[in-house]
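In: the following block contains a protein sequence and its predicted model.
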Amino acid sequence: MSHFISIEPLTKEAFAPFGSVIEADPASARFINGGNTERFHARGEVDVAGEGARVIINIFRGQPRTFPYRLTMMERHPLGTQSFSPLHDRPWLAVVAEDEGGRPGRPRAFLASGRQGVNYGRNVWHHPLMTIDTASDFLVVDRDGPGNNLEEFFYEEPFVIPDLPSKETVR
Ligand SMILES: NC(=O)N[C@@H](O)C(=O)O
Ligand code: NI
């Protein structure tokens, strides 16, 4: 089995096992504010667990990853969801994996446009933020509070995310 990971376009259907895609999906649109504003309703649901847990809003400034990228680990948050929404209109990578008996399976890399965010489901394996080309800011909604909300796993052998498609292919 190759350790090279192919890059897939981010769609709500393909990403469904891992969480939701935060984007202006026309199917969720409704006009509010007297028609001035279009609301794309409920693009994700925040879930936090544990006594004293609270939902917080953060900004993550991710430095660009270099490609080909040697992927050695994944992480998950047992006590809460975690969403990433790009604050610049630049593509980025959401890398996730199914759980296989308490460890992540083969990673899947989804190339998100600058208009797509994701909400990782609670306890879903994912790679820490992966920005492309330049430092980028993301609005991150996740959990704060007591308890350990970070589990990391290191693969015995690394996977490789190859060079990315040219920018023209992702808008
Ligand atoms: N550790 C942290 O807050 N960031 C990660 O959870 C991440 O997914 O980037
Ligand atoms: Ni995380």
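Out: Okay, I see it. Ligands and ions are numbered 1, 2, ... in the order given.

In: report pLDDT for the residue of the chain most remote from its centre.
Out: Residue farthest from the centre of the chain, counting by Cα atoms, centre = their mean, is residue 34 at 33.3 Å. Predicted confidence (pLDDT) at residue 34: the value is 98.

In: before we move on, what about residue 2?
Out: 82.

In: tell me which other helices or strands the longest strand anywhere in the chain touches.
Out: Longest strand in the chain by number of residues, with DSSP state E as the criterion: strand 151-161. Identification of packing neighbours for strand 151-161 by 3 or more Cβ pairs under 8 Å, 6 or more residues apart in numbering; DSSP states H and E yields strand 69-76. From N, CA and C alone the C-beta is placed, and that goes for glycine too.

In: check which helices and strands the strand it packs on sits against.
Out: strand 92-97, strand 125-126, strand 151-161.

In: list of residues touching it?
Out: 5, 95, 97, 104, 107, 123-128, 130, 150-155, 158-161 (Cβ atoms under 8 Å, 6 or more residues apart in numbering).

In: quick revisit: can you lay out the helices and strands packed on strand 69-76 as CSV showing mean neighbour count, distance to residue 13 and mean pLDDT?
Out: Output for the helices and strands packed on strand 69-76, formatted as CSV (neighbours: other Cβ atoms under 10 Å; distance: least, Cβ to Cβ, whole Å; pLDDT from 0 to 100):
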stretch, mean neighbour count, distance to residue 13, mean pLDDT
strand 92-97, 23, 14, 98
strand 125-126, 24, 18, 99
strand 151-161, 13, 22, 98
